[in-house]
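K.L.:
kindly return the folded structure for what I paste below:
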Amino acid sequence: MMNRRSSEAAQRFAERRRREDEAPRLLALVPNLKELKLELLERRALGEVTETLHTRRIVVERAPATFVLPCLDSSCRDGGHDVTHAILRGLRNGETRFEGEDVCHGTLGTLGTAECGRVLSYVAEATYRQT
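P.N.:
Predicted structure coming up:
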């Protein structure tokens, strides 16, 4: 069982890496972007206590223009958070601070019968070069 789970995780990682490699670069889409920081908080649905908070600093010079984050629930299958469109919209609009949420639509359990529903809240802080 553990070997299969490991193999599935490796496949998901490889797929995510392939999508990142094929994506346009962030600077190609937002050439005046200087710095980008994402504060990420993931919590269980219905506001249950379990929360995970971390900050991700994006290396703008080589970052892909994709923001697909895996669900942090280890029992979640086929879930995750794709906030690419929302992040790019904020950056293209020149916003220096914006925030949003995304619900994981993966499934839980060996039969995949329960919806994951974990909620990712993010705050993006961006700085831009003067043009």
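K.L.:
then Val123 would be within a helix, right?
P.N.:
No: Val123: not assigned to a helix; according to DSSP: H, G, I helix; E, B strand; the rest coil it is strand.
K.L.:
what's around it, how many residues?
P.N.:
Neighbourhood size, Val123 [other C-beta atoms under 10 Å]: 14. Where you see a C-beta, it was placed from the backbone N, CA and C, and this is true even at glycine.
K.L.:
try the one 3 residues further on
P.N.:
The number of residues packed near Ala126 is 22, by other C-beta under 10 Å.
K.L.:
which residue is nearest the centroid of the protein?
P.N.:
Nearest to the mean C-alpha position of the chain, counting by C-alpha atoms, centre = their mean, stands Leu69 at 2.6 Å.
K.L.:
how close does that one get to Thr131?
P.N.:
Going from Leu69 to Thr131 by C-beta to C-beta, to the nearest Å gives 30 Å.
K.L.:
same deal with Gly109?
P.N.:
Taking C-beta to C-beta, one finds Gly109 at 51 Å from Thr131.
K.L.:
those two: which is more packed in?
P.N.:
Set side by side, Gly109 and Thr131 show more neighbours around Gly109, with 11 against 5, by other C-beta under 10 Å.
K.L.:
isn't that one up against Ser75?
P.N.:
Yes: between Gly109 and Ser75 there is a contact under C-beta atoms under 8 Å: 7.0 Å.
K.L.:
between those two, what contacts are shared?
P.N.:
Counting by C-beta atoms under 8 Å, 6 or more residues apart in numbering, no residue touches both Gly109 and Ser75.
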